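Novice: kindly return the folded structure for what I paste below:
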Amino acid sequence: MKYLILLIALFTSLNLRSQVKADGYISAMPTWYRMENLNQKLWENNIHNRINLSYDFSSSVIGVVQFRNRLIHGKTVRDIPGYAAVIDTDQGFLDMSYNLASGTSAILNMTIDRLWMDFFLGKVQIRAGRQRINWGQAMVWNPNDIFNAYSFFDLDYPERPGIDGVRIQWFTGMTSQMEGVFKIDRNHTSTIALRYRFNALRYDWQLLGGKLNTEEWAAGLGWSGQIGDAGFYGEGTYIIPDNEQEVVIASTGIDYTFKNSLLWRSEFLFSSNLSSDQIDFTNFISGQASIKNLSVAKYSIFTSFQYPVTPLFNATLNGMLFPGVEGWHAGTTLEYSLSTNLFFTTFFNLFVSKSTTNTKNKDYLGALRIKWFF
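Specialist: Sure thing, here's the model as predicted:
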C-alpha cells in the first residue's frame with residue numbers, strides 16, 4: 001500500500017496539465033466452475049476496476065503506474081483452502097499485491113502490475129520497473145515468452161502479468177533491434193536474456209538467448225510473415241537445465257481472413273517435457289503459467305473461427321485437441337457492443353479428459369461479463 005500512496009502523492013504534486021494521461025475500465029464478471037472429477041461446483045463474482053496513469057516528465061522521460069482492484073465474492077473464496085493467499089501472491093521482486101479486506105466469502109485485492117520509467121536516449125530506450133515483456137510471436141502458445149508467460153484461459157486479464165526488471169532497447173535500423181532484459185522475482189532468482197530482431201526474406205525474425213531462473217540456459221528462434229494471403233508465424237525455445245534433461249518447446253501457426261471477414265487461425269505446440277499419458281485440466285487452469293507448462297500434453301493442436309456477425313456482434317469458436325491423449329477442449333466467446341465503450345461478453349469452455357479409471361472427466365468454465373471503458 002505504501003507504494004500506491006507515494007505514487008498518488010507524486011502525481012498530485014506534479015503540474016497536471018496535458019502531460020497526464022488516465023484511462024481504465026470497470027467490469028463485473030460472474031463465473032461458474034464445475035469439476036466432475038472433484039465432484040465440485042463453484043462460482044464467484046469478480047468486480048474488476050483498472051486504472052492506467054502516465055506522466056510525461058519531458059519529451060524523453062515518461063512515468064507509468066497501472067493497478068487493478070478486484071472484489072471477489074463467492075464459493076471459490078469460501079471453499080478453496082488458501083484462496084485469499086493465492087490472490088495476494090505477487091511473483092515480482094517487490095510485493096505490490098494487497099488484500100485490503102478479506103472475509104469468509106469475499107476478498108478485496110489491489111495489485112500494482114505496471115510501475116516503470118521510460119528514458120529515450122537517441123536510438124536507445126531504457127525502461128526500469130514493473131513492466132510487460134512480450135517476446136511471443138504466436139497467439140495462443142508462446143515458447144519465446146520466457147519472462148512472463150500467460151494462460152490462454154485467463155478470461156479477465158488482457159494486460160497480462162509483468163516482471164520487475166530493466167529493459168534496454170537499441171534500435172539498430174529501420175527493421176532491426178537489439179534488446180536486453182534483466183528480471184528478478186520474489187525468490188530473488190534472476191533471468192537475463194538478449195534478443196535480436198531483424199527482417200530478411202520478407203519475414204520478421206528474432207534470435208534470443210540467456211539464463212533463466214539463475215540456473216537454466218535457453219536459446220530461441222521466432223518468425224512471422226506471410227504465405228500468400230495467410231499469416232505464418234512460429235517460435236521455439238531450447239532449454240538446458242542443470243542436471244536435468246534438455247527441453248524443447250516449439251509452436252507454429254497460420255491465420256487467414258476470408259472475403260466474408262471470417263478469421264481462421266490454427267496452431268500446433270510441441271512440449272518435450274510434458275507427458276502423453278494423463279492430462280489434468282484442473283491444475284492447468286488454476287496453476288501458475290510458465291513456458292514449461294503452456295499446455296497439458298506433449299502435442300497440442302488449436303483451431304479457432306472468429307466472425308463479425310454484425311458490426312456490433314462478434315462470435316468466436318475455438319477448440320484444442322491433444323493427439324495421443326483422450327482429451328480435448330471446446331470454447332466459445334460471444335461479444336456485443338452495447339455502446340461505444342460498453343461491451344457484454346459471454347464465455348463457455350468445456351474440458352474433457354480420461355481418468356485413471358477410464359471414465360470421462362468433464363470440467364466446465366462459464367462466465368458473463370459487462371465491461372465499461374473510460
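Novice: helix or strand for the closest residue to R195 other than its chain neighbours, which one?
Specialist: The shortest distance from R195 to any non-neighbouring residue, by C-beta to C-beta, 6 or more residues apart in numbering, is to L208 (4.1 Å). Yep, even glycine has a C-beta here, placed from its N, CA and C like the rest. Element membership of L208 [criterion: DSSP states H and E] is strand 203-212.
Novice: which other residues reach that strand?
Specialist: By C-beta atoms under 8 Å, 6 or more residues apart in numbering, the residues outside strand 203-212 that reach it are 135, 137, 144, 146, 175, 190-199, 217-225, 235, 237, 239.
Novice: any idea of the mean pLDDT in that strand?
Specialist: For strand 203-212, mean pLDDT rounds to 97.
Novice: ok, now stretch 327-342?
Specialist: For stretch 327-342, the mean pLDDT works out to 96.
Novice: and if you look at stretch 250-258?
Specialist: Averaging pLDDT along stretch 250-258 gives 98.
Novice: for W141, list the residues it contacts.
Specialist: F152, S251, E267, L269, L294, S295, S300, F302.
Novice: ok, which pair from those is furthest apart?
Specialist: The span of those, defined through C-beta to C-beta, is set by F152 and S251 at 11.7 Å.
Novice: in terms of neighbours, single out the busier of the two.
Specialist: Neighbour count, other C-beta atoms under 10 Å: between F152 and S251, S251 has more, with 28 against 18.
Novice: mind checking the SS state of the more buried one?
Specialist: strand (DSSP: H, G, I helix; E, B strand; the rest coil).
Novice: please look at it and F268 and confirm they touch.
Specialist: Yes: counting by C-beta atoms under 8 Å, F268 is a contact partner of S251 at 6.5 Å.
Novice: which helix or strand in this structure has the lowest average pLDDT?
Specialist: Least confident helix or strand, the chain: helix 2-13 with a mean of 57, by mean pLDDT, DSSP states H and E.
Novice: quick revisit: tally of neighbours for the residue nearest to R195?
Specialist: Applying other C-beta under 10 Å, we find 21 residues neighbouring L208.
Novice: re earlier: joint contacts of F152 and S251?
Specialist: V140, W141.
Novice: run through the helices of the stretch 101-250 of the chain in chain order.
Specialist: Under the criterion DSSP state H, counting those that start in this stretch, the stretch 101-250 of the chain carries no helices.
Novice: can you give me the buried ones in stretch 263-273?
Specialist: Neighbour counts over stretch 263-273 (16 or more other C-beta atoms under 10 Å) mark R265, S266, E267, F268, L269, F270, S271, N273 as buried.
Novice: next one: stretch 133-151
Specialist: Residues of stretch 133-151 classed as buried: 133, 135-151 (neighbour count, 16+ other C-beta under 10 Å).
Novice: F305 and A330 touch, don't they?
Specialist: No: F305 lies out of contact with A330 (C-beta under 8 Å); the separation is 11.9 Å.
Novice: hey, what's in contact with both of these two?
Specialist: With C-beta under 8 Å, 6+ apart as the test, F305 and A330 both reach L317, N318.
Novice: what are the ranges of the strands in the stretch 1-150 of the chain?
Specialist: Taking DSSP state E, counting those that start in this stretch as the criterion, the stretch 1-150 of the chain carries its strands at 20-35, 40-58, 61-74, 97-102, 106-121, 124-131.
Novice: K354 is nearest to which of the ones you listed?
Specialist: Of the strands of the stretch 1-150 of the chain, nearest to K354 by C-beta to C-beta is strand 20-35, at 15.1 Å.
Novice: any idea how far T359 lies from S353?
Specialist: With distances taken as C-beta to C-beta, to the nearest Å, T359 is found 10 Å from S353.
Novice: beta partners for the residue nearest to R195?
Specialist: R195, G220 (DSSP bridges).
Novice: that one and E235: what is the separation?
Specialist: L208 is 9 Å from E235, by C-beta to C-beta.
Novice: can you check D113 too?
Specialist: D113 is 24 Å from E235, by C-beta to C-beta.
Novice: and if you look at S54?
Specialist: Distance of S54 to E235, computed by C-beta to C-beta: 30 Å.
Novice: which one's more surrounded, these two?
Specialist: Taking neighbours as other C-beta under 10 Å, S54 and E235 compare with E235 leading, 25 against 18.
Novice: ok, the more buried one - contacts?
Specialist: 136-138, 142-144, 206, 220-223, 250-252.
Novice: what's the answer for D363, then?
Specialist: D363 sits next to Y33, R34, M35, E36, N37, F281, T282, I285, L350, F351, S353 when contact means C-beta under 8 Å, 6+ apart.
Novice: now do A22
Specialist: Taking C-beta under 8 Å, 6+ apart as the test, what A22 contacts is I51, N52, L53, S54.
Novice: count the neighbours of the residue lying closest to Y233 once chain neighbours are set aside for me.
Specialist: Using C-beta to C-beta, 6+ apart and skipping residues adjacent in sequence, the residue nearest Y233 is S224, 4.0 Å away. Neighbours of S224 under the rule other C-beta under 10 Å: 16.
Novice: low pLDDT regions in this structure?
Specialist: 1-18, 37-38, 276, 278, 283, 286-288, 355-358 (pLDDT under 70).
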